[in-house]
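Engineer: Fold the following for me, if possible:
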Amino acid sequence: MYESFYNLRAKPFALLPDSDFLYPGSIHRAAYSLLEYGLLSQAPFIVLTGDPGMGKTSLLQKLIAEHGTKHSIGLVTNARYDIDHLLPWILLALKLTQKRLDPVEAYHMFSEFLLRESKQHRRVILVIDEAQSLGAELLEELRLLSNLNDGRTLKLQIILSGQPDLHTLLKRIDMTQFAQRIVADYHLEPLSETDTAQYIRHRLQIAGGHPTLLTDRACKLVHRLSRGNPRLINQVCDIALTYGFAEQARIITSKLVAQAAFDRTRGGILPLSAKEDLSGLANAPEDTTEVEASSIPCPPTRPSAQRFDSAPLRSVGSPERCYVQGMSLKNDGRLKEAIDMFELASKSASHWLKAHAQIGLCYKTMGEPQSAIQAFRNALNDQSASRKDVNDVQYFLGRTLESIGQNAEALSVYRRITQVTPAFKDVSFRIKELSVRPRDAQAGRLQPQTANGSWLKRLIGNPK
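Structural biologist: Prediction:
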């Protein structure tokens with residue numbers, strides 16, 4: 001949505017784990033060093049823990065990517081305590097079989113695989129993500145599997161990654177035998193204020209953007225809101241960039257972050273801190289010193305686009321504002337950006353029909369009739385729309401269907417219009433033209449005529 005405006009190659013704050021964006025800060029460097037140390041020292045068990053969203057999965061993905069060619073690595077995710085045995089999940093993760101085997105056959109297959117890999121000087125590494133969900137019994141099954149390590153060569157290594165509950169589970173008295181086999185363990189702590197700012201700048205730079213797109217004060221506010229949790233940092237920064245795009249803001253200030261976070265927390269689900277301060281920060285005047293401190297060059301725009309920056313618009317992110325900005329972008333020929341703004345406006349029921357209608361007109365101008373047709377159909381899902389608005393959108397739909405030769409469907413749309421408004425525009429003429437040769441119309445060979453000089457011709461262009 002905002003990528004092109006901020007010259008980004010990708011979304012810098014996506015929630016999906018991506019090792020390419022992994023921030024090499026002191027905390028994550030230490031965690032990764034420990035994981036590699038565990039591999040090199042042939043530790044039977046390695047444990048990585050941290051709160052949700054701290055980047056454990058990204059670290060594991062990096063480890064798998066960098067060591068997957070030297071070892072046979074199987075990743076087990078979302079295995080739960082209520083399954084009977086863990087070994088079938090392990091065989092599936094190692095791509096050994098998808099069949100349901102009895103425990104003896106499964107154990108034999110796994111032990112034979114360990115032996116074959118060992119003869120080829122390859123170690124088998126099991127990575128168990130969300131391991132806190134296993135429970136004591138399945139962890140005991142893992143401990144027993146580690147007994148297959150005999151002799152001088154380690155055949156099997158197991159990496160457990162999970163939330164703090166895993167750490168609590170492993171400290172229980174009945175888990176003593178298991179805990180004694182853990183050679184290396186690390187707990188990921190939240191990022192500091194300094195690391196949070198560096199994390200934000202790192203991800204922006206990896207995505208191709210300016211690293212100081214967010215001001216220092218904005219980064220500090222993001223840290224206060226997220227408490228240094230990377231996933232929450234991503235959430236706040238992503239919505240702040242969305243609001244920045246809606247505002248056409250050159251930089252993301254602390255005020256803009258506060259406005260975005262304030263709106264995002266109204267639902268009460270996102271667990272941000274310092275929420276009580278957001279209202280005041282969001283409504284405070286913009287600090288000009290913060291804006292002036294930024295050295296980010298203005299994104300390239302057409303000079304005429306400047307006019308909507310000074311237009312009297314409503315609050316950041318409001319549907320009316322997004323719609324007005326979308327119209328300005330559309331008039332400037334920046335159709336992809338206009339579509340993004342209209343999609344934001346369509347989040348409001350009151351703007352659903354007209355926003356989707358404008359999306360359809362943008363796609364029509366871009367020469368993408370199928371996308372235009374889908375947008376017009378989306379617009380018609382508004383059950384509260386006026387008869388006039390529905391007629392207009394149906395007419396746009398019919399004309400676009402004609403432009404790609406879907407004349408039979410266009411005829412059906414026109415007839416629906418005349419059932420409500422018989423004298424609407426040139427619909428009667430179009431029905432007559434499409435009905436003259438029904439076989440040709442059915443086959444999509446009839447080329448529709450246009451009304452010379454009509455406002456619709458100027459709006460959506462001549463059919464192709």
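Engineer: can you give me the strands in the stretch 101-250 of the chain?
Structural biologist: 124-128, 156-162, 182-188 (DSSP state E, counting those that start in this stretch).
Engineer: Of all the residues in the last one, which ones are buried?
Structural biologist: Within strand 182-188, the residues that qualify as buried are 182-186, 188, counting by 16 or more other Cβ atoms under 10 Å. All C-beta atoms are positioned from the backbone trio N, CA, C, and that covers glycine.
Engineer: and that strand, C-alpha only, in CSV?
Structural biologist: Once non-C-alpha atoms are left out, strand 182-188 reads as follows in CSV (Å, rounded to 0.1, in the frame of the first residue of the first chain):
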residue,chain,number,x,y,z
ILE,A,182,20.9,-29.4,28.0
VAL,A,183,24.3,-28.0,27.2
ALA,A,184,23.3,-24.6,26.0
ASP,A,185,20.3,-22.4,26.7
TYR,A,186,19.4,-18.7,26.0
HIS,A,187,16.5,-16.5,26.9
LEU,A,188,15.7,-13.6,24.5
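Engineer: Can you list the strands that it pairs with?
Structural biologist: Sheet pairing for strand 182-188, assigned by DSSP bridges, gives strand 45-50 (parallel).
Engineer: ditto for the first one
Structural biologist: The sheet places strand 124-128 alongside strand 72-76 (parallel), strand 156-162 (parallel), with pairing taken from DSSP bridges.
Engineer: Buried by neighbour count: which residues of the last one qualify?
Structural biologist: Taking 16+ other Cβ under 10 Å as the neighbour-count basis, strand 156-162 is seen to contain the buried residues 156-162.
Engineer: With stretch 22-39 instead?
Structural biologist: Quick answer for stretch 22-39 (16+ other Cβ under 10 Å): 22-23, 25, 27-28, 31-32, 34-35, 38-39.
Engineer: Format these as JSON lines; extra columns: secondary structure, pLDDT and distance to Tyr107.
Structural biologist: As requested, the buried residues of stretch 22-39 are arranged in JSON lines below (DSSP: H, G, I helix; E, B strand; the rest coil; pLDDT from 0 to 100; distance: Cβ to Cβ, whole Å):
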{"residue": "Leu22", "secondary structure": "coil", "pLDDT": "89", "distance to Tyr107": "36"}
{"residue": "Tyr23", "secondary structure": "coil", "pLDDT": "90", "distance to Tyr107": "41"}
{"residue": "Gly25", "secondary structure": "coil", "pLDDT": "89", "distance to Tyr107": "42"}
{"residue": "Ile27", "secondary structure": "helix", "pLDDT": "91", "distance to Tyr107": "39"}
{"residue": "His28", "secondary structure": "helix", "pLDDT": "92", "distance to Tyr107": "37"}
{"residue": "Ala31", "secondary structure": "helix", "pLDDT": "93", "distance to Tyr107": "33"}
{"residue": "Tyr32", "secondary structure": "helix", "pLDDT": "93", "distance to Tyr107": "33"}
{"residue": "Leu34", "secondary structure": "helix", "pLDDT": "92", "distance to Tyr107": "31"}
{"residue": "Leu35", "secondary structure": "helix", "pLDDT": "92", "distance to Tyr107": "28"}
{"residue": "Gly38", "secondary structure": "helix", "pLDDT": "90", "distance to Tyr107": "25"}
{"residue": "Leu39", "secondary structure": "helix", "pLDDT": "89", "distance to Tyr107": "25"}
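Engineer: how about TSV for those residues, with distance to Asn78 added?
Structural biologist: Shown next, in TSV, are the buried residues of stretch 22-39 (distance: Cβ to Cβ, whole Å):
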residue	distance to Asn78
Leu22	22
Tyr23	25
Gly25	28
Ile27	25
His28	23
Ala31	22
Tyr32	23
Leu34	24
Leu35	21
Gly38	23
Leu39	24
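Engineer: Name the member of these with the shortest distance to Glu433.
Structural biologist: Leu22 (61.2 Å; Cβ to Cβ).
Engineer: Quick check: closest non-adjacent residue to the closest one.
Structural biologist: The spatial neighbour of Leu22 that comes closest, neighbours along the chain excluded (Cβ to Cβ, 6 or more residues apart in numbering), is Ser58 at 4.9 Å.
Engineer: Look up how far Thr194 lies from the one you found.
Structural biologist: 20 Å (Cβ to Cβ, to the nearest Å).
Engineer: Comparing those two, which residue is more hemmed in?
Structural biologist: Neighbour totals were compared for Ser58 and Thr194, and Ser58 leads with 20 against 13 (other Cβ atoms under 10 Å).
Engineer: Secondary structure element holding that one?
Structural biologist: helix 56-67 (DSSP states H and E).
Engineer: ok so, going back, JSON lines please, covering the strands paired with strand 124-128 and showing mean pLDDT.
Structural biologist: Output for these, formatted as JSON lines (pLDDT from 0 to 100):
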{"stretch": "strand 72-76", "mean pLDDT": "93"}
{"stretch": "strand 156-162", "mean pLDDT": "95"}
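Engineer: and the residue nearest to Met341 when sequence neighbours are not counted, what pLDDT?
Structural biologist: The shortest distance from Met341 to any non-neighbouring residue, by Cβ to Cβ, 6+ apart, is to Gly326 (3.4 Å). The confidence metric pLDDT takes the value 82 at Gly326.
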